[in-house]
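J.: what's the 3D shape of this:
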Amino acid sequence: MQGGTGAVRRVWEQLKNHDVPISAFWLQDWVGQRKTIIGSQLWWNWEVDTTHYYGWAKLIEDLRRDNTMVMAYCNPCLVPMNEKLNKNKDLFVEAEKLDILVKDKTGSTYMIPNTAFDVGMLDLTNPKARSWFKKILHEMVDCGVRGWMADFGEGLPLDANLFSGEDPITAHNRYPEIWARVNREFVDEWKARNHEKEKDPEESLVFFMRAGFRESPKWAMLFWEGDQMVSWQHNDGIKSSVTGLLSGGLSGFAFNHSDIGGYCAVNFPMINYKRSEELLMRWMELNAFNTVYRTHQGNKPESNCQFYSNKRTFNQFVRFAKVYMAWKFYRVQLVEEASQKGLPIARHLFLHYPEDEHVHSFTYQQFLIGTEILLVPVLNKGKNEVKAYFPLSEGCSWQHIWTGKIFGRPSTDIGNTQQGLEALIEAPIGYPAIFVKSGSAIGKQFINNLQDLRIL
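T.: Numbering: from 1, shown residues only. Sure, this is the predicted structure:
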């Protein structure tokens, strides 16, 4: 979330009062906010803004006492800080003096347009730039941060003049791999220096990113899908988040997720998108079955419905945080399997039902979590039912978790059809279409956990 110390403490109090299982506050605006034509953006100068986050050390201390970590934000770009009055240092000036920013054809710092302002980009082909940024990460961790979004990495100009002398067109796709590697090397080096502390789960580090290339999964710890529109669209809205989740999984990006509710709001005279309550609540249901259940206020927080906007949204957030918690035991197994075999957490059905040609046409309609959970999310405005498809598989049926009803063709019928079973499933808000394999030990444990958490 964003908003400074006061806002964090207010929301934290609400979460505690409702016994919400949270592991971290992700404070994207820890560096301070700036207002632009895009909306609420950040000062790209990687140090805590102690005006916006007054009492930072005390906030960190209080959260950690409650077993809640703080996560932050950074990217490989820097902005001149002459307009910010309360800075402690200007990292852009420092990097320019060290000669570690990407150059243009004239040999000057390449000032790259980025939405409402221009930025300098670290030349990560330069070993000195990589070492310098690790020091920045070390300072960030020293001030209490235990995780961060390692944003961007996709924007190396195709006419850049690089330290390595390599073709910038070739380097363009390699850059996000190097960016991931810098972050991962820092994590590994920090672990080595803090060997005893690292045995304590509260002392572990994690970062997540969006940009990537072939070797990114080797280095990045976690991915998210970037900035979807706050809409129901299939090309850049809630539906696209499922498409990205599944196609990314097939490409080796096993640990992935999206912002709950999407990110990009638009408020122009002829075009207007803002996050509705319904969209936010349906996205909560969807993301309870992502690798990570993480909110984002979006680029225009004041225009968007937030999880804390009213009692309905807050209760829905709590409910599906607990649903996410209920399958943690299985998620741990799937993470281990992914590390050994490369299989993603969220899977397209054709990975396990390749002979059922009907599932080949699916893009975002439904997906598997591992092999034992099937989710058919509601992805259309105003809908309270979905069409679920139960793939052709001898002896396999699926149990609807809310009603206990069993779906699937009997084994005696398998030889007489080339297709599984379709059914219309009621799915009002708060009760998305979730199924577990009948007789599955994983399914039984999931249902038992939901009952213990008073979701069922």
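
J.: all strands for the stretch 101-250 of the chain, in order.
T.: Counting by DSSP state E, counting those that start in this stretch, the segments of the stretch 101-250 of the chain that form strands are 112-114, 117-121, 147-150, 206-208.

J.: now do the stretch 251-400 of the chain
T.: Counting by DSSP E, counting those that start in this stretch, residue ranges of the strands within the stretch 251-400 of the chain are 266-267, 272-273, 346-347, 367-369, 373-376, 385-390, 398-400.

J.: what's the third one packed up against?
T.: For strand 346-347, the elements it packs on are helix 238-250, strand 367-369, judged by 3 or more C-beta pairs under 8 Å, 6 or more residues apart in numbering; DSSP states H and E. Every C-beta, even on glycine, is put in place using the N, C-alpha and C of the backbone.

J.: in its sheet, what does the shortest one sit against?
T.: This means strand 367-369. strand 346-347 (antiparallel), strand 373-376 (antiparallel) (DSSP bridges).

J.: which stretch among those comes nearest residue 320?
T.: Within the strands paired with strand 367-369, the stretch nearest residue 320 is strand 373-376; the backing value is 11.9 Å (C-beta to C-beta).

J.: now tell me what touches the helix or strand in which residue 95 is found from outside.
T.: With elements taken from DSSP states H and E, the one containing residue 95 is helix 91-98. For helix 91-98, the surrounding residues in contact (C-beta atoms under 8 Å, 6 or more residues apart in numbering) are 45-47, 78-81, 101, 109, 120, 122, 128-129, 132, 136.

J.: identify the residues contacting residue 100.
T.: Under the criterion of C-beta under 8 Å, 6+ apart, the contact list for residue 100 reads 122-123, 126, 128-129, 132, 163.

J.: out of those, the closest to residue 393 would be?
T.: Closest approach to residue 393 among the contacts of residue 100 (C-beta to C-beta): residue 122, at 50.2 Å.

J.: surely the closest one is in contact with residue 129?
T.: Yes. Applying C-beta atoms under 8 Å as the test, residue 122 and residue 129 come out as touching, 4.8 Å apart.

J.: list residues touching both of the two?
T.: With C-beta under 8 Å, 6+ apart applied, the overlap between the contact sets of residue 122 and residue 129 consists of 95, 100-101.

J.: who's in contact with residue 164?
T.: Contact criterion C-beta under 8 Å, 6+ apart gives 125-126, 171 as the residues in contact with residue 164.

J.: mind putting the residues you listed into a markdown table with pLDDT and distance to residue 179?
T.: Written out in a markdown table, the entries for the contacts of residue 164 read as follows (pLDDT from 0 to 100; distance: C-beta to C-beta, whole Å):
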| residue | pLDDT | distance to residue 179 |
| --- | --- | --- |
| 125 | 99 | 11 |
| 126 | 99 | 13 |
| 171 | 98 | 12 |
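
J.: ok, and what's touching stretch 280-290?
T.: By C-beta under 8 Å, 6+ apart, the surrounding residues in contact with stretch 280-290 are 238, 241-242, 245, 256-258, 260-262, 293-294, 304-307, 312-313, 316-317, 320-321, 323-324, 327, 345-346, 369, 373, 375, 377-379, 429-430, 432, 434.

J.: of all the strands of the stretch 101-250 of the chain, which lies closest to residue 190?
T.: Closest of those to residue 190 is strand 206-208, at 11.2 Å (criterion: C-beta to C-beta).

J.: partners of that closest one, with directions?
T.: Strands that pair with strand 206-208, judged by DSSP bridges, come out as strand 147-150 (parallel).

J.: off-centre distance for the partner strand?
T.: With C-alpha atoms, centre = their mean, to the nearest Å as the basis, strand 147-150 stands 10 Å off its chain's centre.

J.: and that strand, C-alpha only, in PDB?
T.: Once side chains and other backbone atoms are set aside, the C-alpha atoms of strand 147-150 remain, and they are given as PDB (Å, rounded to 0.1, in the frame of the first residue of the first chain):
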ATOM      1  CA  GLY A 147      11.700  -7.600   0.300                       C
ATOM      2  CA  TRP A 148      11.200  -5.400  -2.700                       C
ATOM      3  CA  MET A 149       9.800  -5.000  -6.200                       C
ATOM      4  CA  ALA A 150      12.700  -4.900  -8.600                       C
END
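
J.: that's all I had, so thanks and see you.
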